[in-house]
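Student: Whatever this is, show me its structure:
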Amino acid sequence: MKESLDSKGKNYGGIWNSENIERVEIVMKESLDSKGKNYGGIWNSENIERVEIVMKESLDSKGKNYGGIWNSENIERVEIVMKESLDSKGKNYGGIWNSENIERVEIVMKESLDSKGKNYGGIWNSENIERVEIVMKESLDSKGRIYFYDKYGVMRDVMQNHLTEIMALVAMEIPSNLSSIHDYQREKLALLSQVDHVTAEQAAIGQYESYVDEWREEMDKGEDDTSSVPTFAGVLFFVSSPRWKDVPFLMLSGKKLDEKQTYVRIVFKNSHFCTVTPNYAEGDHACRQKQIIFFIGSGNHPTIAVSRALRKPQVPKSWSIPDLDPDTNILGSPVKDFYAYSAGVELDAYSVLIKECYHGNRDKFIGSSELVASWDIWTPLLRALEDVPPMRYPGGKETGRWLDMEIQGRRLRSCHKNDRTWNIEDSNRFGMPSISGIPDTFRSNNLYTGSKEDTVSLLAKHLLVATQSAISSHGAFHVAFPGGNTPEMLFLHLFLRMRHTFPWRETHVWLTDERCVPLDSELSNFNVIYSKLLRYIPIPYTNIHPMPVQLAHGLCNLKDGGPELYSAEIKRLIPDQRFDFVVLGVGEDGHVASLFPHHEILVDKTNFVLFSDGAVQSSSPRRMTLGYSTINNSRNVAILITGERKRFLVEKLKQTHFKNATEFPVLGVAPNNGTLSWFIDHDALV
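Tutor: Numbers count the residues shown, from 1 in each chain. Now for the predicted structure:
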């Protein structure tokens, strides 16, 4: 570990002992001789492979200084390996599966990537970029790590975490507030959600020839045993966004390759036609390949290299122009073809992370939502490749052109002939958890329960099933969503898990209610639905129907007739005035939509849309809401209740003799010719 830990005596002397540190596990690279020699000469970033810190559940990581918890009571261990069984996320670890407790540390790129907006924002798009290459090559084999490596392979070990993080940083939109970690993570999550489903035809995998012998020796296997884990992979990605439409992202990583090197290369379309034969010797760069290359852990390379055919970049004043041999090349092109800059002294990644962790800074950590989004990209591909044998390659410089690939449309093809049999598996990711002792009905209607994530997953599945009958019947699916906090996890699930399977282009999104505030207000229900769901999914803008709360005369002015306009819109697009699905959250006082206890509009059984001013305890009491007549005319109504704070309400509702809708408006929800289902998580139910 580098400088930041060298200060242990100065900063941490009082706790740097066995009474405070529970355990430190350091994974050494294969080259280390651990047979009792003095380690003083190898205690550096060249030999220490990684240090990962995972805090115990008890840690409060809300940006506070960690000085008081840097001891064995709170540091569980250094190094944790998360296995595929963690795909059960909420089922097994629901209580700790959130960004406040998981601090998975990743540093992959530095300040140079922030230059994309400042220098090249106008050309950072599909009109100008031909492809993006993200490459991490290692010259070492897997000796000494096979016990770990054989469980995960190159994709889980490197590509799913490190290289996917790099791809997100390259392709994400620049946050409006660069100092906000929440804005930063939101944009990164938005990008990951837009990655298209990856098929087996977009991947090429290989294994160096001596791997199986090494595996047999380390794992004490016999001559008849074998392993098919890939040590090399190339994967082709596409991102469904206007900026990156049809731009291939080629991600590559492998063991025992020709050299150790990690870089990102953005290759631009060569649209410049030279009428005069260029004289490259005289510095004529106009017709050269245009590219920007970022070297990570640059070593002998510059931090960034930009083709002279592009505009000279603006870099921080602290950066320098490296003294490079003019006869050398950068990824095959002469060094004189580039503007090259170095960022100076590069600190070891883990030294930086441990320091940031100690000071409570979270901007270099990824959140759990991003981690889950990455898994959702890679897991289906890994399953599809389970029965695909990897191509064997010699390893090292002897590999030559053995692993070359070519992009053919949306397919990735190995240039080396190799017969493949693709086996794409599909699995049902949903299912009702088996819970003994809990009834399957609630107030005589179907009850679906489980952890919060399970409950939301079940509701999402019901929505997907409902789309099929609706679209086959009348060509569209009309759903009304609430705002507030309750449906946020549902929105997250819909765009992370169902972005590619849900028929968004045939879906119309309506609101159950809206506050009388501008639609871009943080209090606006539409703003919640837009920021948590709509901005991430491929839904036509004409299929989005916010409530008209702000018209000519201001907010919810009777003169504008907002409720009548929304009613007319419903009647125009839904001839029988029946929503296919209405999702309702329930407040602690039992209100649904903006139908509040003891309000006069509760007796209105005819108007489709009404004004309500019953939210007397709210900072925005005036609302627009769907009425009982609209809700109860729907084909499917789902009531979603989550969290311990709703337990008192649920206990009241369990009393079937209690039917006072005036006191608890949720009891007024009773579809005339439709289905009512209750989705209540364990925290609220038991």
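
Student: Domain-wise, how is the protein divided?
Tutor: 3-105, 111-401, 445-685 (automatic domain parsing).

Student: what's the closest of those to residue 413?
Tutor: Nearest of these to residue 413, taken as Cβ to Cβ: domain 111-401 at 7.4 Å. For the C-beta atoms, the positions are set from N, CA and C on the backbone; glycine is no exception.

Student: and stretch 644-664, how far from the chain's centre?
Tutor: Counting by Cα atoms, centre = their mean, to the nearest Å, stretch 644-664 is centred 37 Å from the centre of its parent chain.

Student: for the record, mean pLDDT for that stretch?
Tutor: For stretch 644-664, mean pLDDT is 91.

Student: in that stretch, what's buried?
Tutor: By neighbour count on 16 or more other Cβ atoms under 10 Å, the buried set for stretch 644-664 is 646-647, 649-650, 653, 661, 664.

Student: now, among these, which is nearest to residue 505?
Tutor: Distances from residue 505 to the buried residues of stretch 644-664, taken by Cβ to Cβ, are shortest for residue 646, at 34.7 Å.

Student: and that closest one, that one's in a strand?
Tutor: No - applying DSSP: H, G, I helix; E, B strand; the rest coil, one finds residue 646 to be helix, outside a strand.

Student: Begin at 305 from now on, thanks
Tutor: Right, with 305 as the first residue, what we last looked at is residue 950.

Student: so what's it up against?
Tutor: 890, 892, 988 (Cβ atoms under 8 Å, 6 or more residues apart in numbering).

Student: centre of the chain versus the helix or strand harbouring the last one, how much separation?
Tutor: I take that to be residue 988. Residue 988 belongs to helix 986-989 when assigned by DSSP states H and E. In terms of Cα atoms, centre = their mean, the centre of helix 986-989 is found 28 Å from the chain centre.

Student: List the contacts of it.
Tutor: Residues outside helix 986-989 that contact it (Cβ under 8 Å, 6+ apart) are 742, 753-756, 945-948, 950-951, 953-954.

Student: Report the mean per-residue pLDDT for it.
Tutor: Helix 986-989 comes out at a mean pLDDT of 93.

Student: cool, and stretch 544-563?
Tutor: In this model, stretch 544-563 has a mean pLDDT of 94.

Student: Against the centre of this structure, work out the most remote residue.
Tutor: Distance from the centre of the chain peaks at residue 580, with 48.0 Å (Cα atoms, centre = their mean).

Student: a helix runs through it, doesn't it?
Tutor: No - secondary structure of residue 580 (three-state DSSP): coil, not part of a helix.

Student: Show me the strands in the stretch 655-804 of the chain, by range?
Tutor: Counting by DSSP state E, counting those that start in this stretch, the stretch 655-804 of the chain has strands at residues 669-670, 695-697, 709-712, 715-718, 745-746, 749-752, 781-785.

Student: Which stretch among the ones you listed is buried most, on average?
Tutor: Highest mean neighbour count of the strands of the stretch 655-804 of the chain: strand 781-785, a mean of 23 (counted as mean count of other Cβ atoms under 10 Å).

Student: quick one: low-confidence parts of the stretch 405-554 of the chain?
Tutor: 405-423 (pLDDT under 70).

Student: Going along the chain, name the helices of it.
Tutor: With DSSP state H, counting those that start in this stretch, the ranges of helices along the stretch 405-554 of the chain come out as 419-424, 450-458, 468-475, 485-497, 515-523.

Student: Can you lay out those helices as JSON lines showing distance to residue 886 and mean neighbour count?
Tutor: Compiled in JSON lines, the helices of the stretch 405-554 of the chain are given as follows (distance: least, Cβ to Cβ, whole Å; neighbours: other Cβ atoms under 10 Å):
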{"stretch": "helix 419-424", "distance to residue 886": "41", "mean neighbour count": "17"}
{"stretch": "helix 450-458", "distance to residue 886": "44", "mean neighbour count": "18"}
{"stretch": "helix 468-475", "distance to residue 886": "35", "mean neighbour count": "24"}
{"stretch": "helix 485-497", "distance to residue 886": "25", "mean neighbour count": "20"}
{"stretch": "helix 515-523", "distance to residue 886": "56", "mean neighbour count": "17"}
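
Student: okay if I get those as JSON lines plus distance to residue 540?
Tutor: Shown next, in JSON lines, are these (distance: least, Cβ to Cβ, whole Å):
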{"stretch": "helix 419-424", "distance to residue 540": "22"}
{"stretch": "helix 450-458", "distance to residue 540": "15"}
{"stretch": "helix 468-475", "distance to residue 540": "12"}
{"stretch": "helix 485-497", "distance to residue 540": "16"}
{"stretch": "helix 515-523", "distance to residue 540": "24"}
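
Student: Lowest mean pLDDT among the helices and strands, pick that one out for the protein.
Tutor: strand 408-409 (a mean of 34; mean pLDDT, DSSP states H and E).

Student: Go through the domains of the chain and name the closest to residue 716.
Tutor: Closest of the domains of the chain to residue 716 is domain 415-705, at 4.2 Å (criterion: Cβ to Cβ).

Student: so residue 967 touches residue 903, yeah?
Tutor: No - counting by Cβ atoms under 8 Å, residue 967 does not reach residue 903; the two are 11.3 Å apart.

Student: quick one: the helices in the stretch 855-990 of the chain?
Tutor: Under the criterion DSSP H, counting those that start in this stretch, the stretch 855-990 of the chain contains helices at 866-877, 932-935, 951-958, 986-989.

Student: Among these, show me which one is buried the most.
Tutor: Highest mean neighbour count of those: helix 932-935, a mean of 22 (counted as mean count of other Cβ under 10 Å).

Student: any idea how far that one is from the chain center?
Tutor: 37 Å.

Student: picking up where we left off before, what's the closest of the helices of the stretch 405-554 of the chain to residue 674?
Tutor: For these, proximity to residue 674 was assessed by Cβ to Cβ; helix 485-497 is nearest, at 5.6 Å.

Student: how much does the closest one deviate in direction from helix 468-475?
Tutor: Here helix 485-497 runs at 100 degrees with respect to helix 468-475, directions being taken by axes from the mean of the first three to the mean of the last three Cα atoms, to 10 degrees.

Student: so where's the stretch 555-704 of the chain shaky on pLDDT?
Tutor: Low-confidence segments of the stretch 555-704 of the chain (pLDDT under 70): 582-589, 602, 650.

Student: Mind doing that once more with 80?
Tutor: Within the stretch 555-704 of the chain, the set of residues satisfying pLDDT under 80 comprises 575-576, 578, 580-591, 601-603, 648-654, 665-671, 691.

Student: okay, the contacts of helix 986-989 in JSON lines with distance to residue 910 next?
Tutor: Formatted as JSON lines, the contacts of helix 986-989 follow (distance: Cβ to Cβ, whole Å):
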{"residue": "742", "distance to residue 910": "38"}
{"residue": "753", "distance to residue 910": "35"}
{"residue": "754", "distance to residue 910": "38"}
{"residue": "755", "distance to residue 910": "40"}
{"residue": "756", "distance to residue 910": "37"}
{"residue": "945", "distance to residue 910": "28"}
{"residue": "946", "distance to residue 910": "32"}
{"residue": "947", "distance to residue 910": "34"}
{"residue": "948", "distance to residue 910": "38"}
{"residue": "950", "distance to residue 910": "30"}
{"residue": "951", "distance to residue 910": "35"}
{"residue": "953", "distance to residue 910": "28"}
{"residue": "954", "distance to residue 910": "31"}
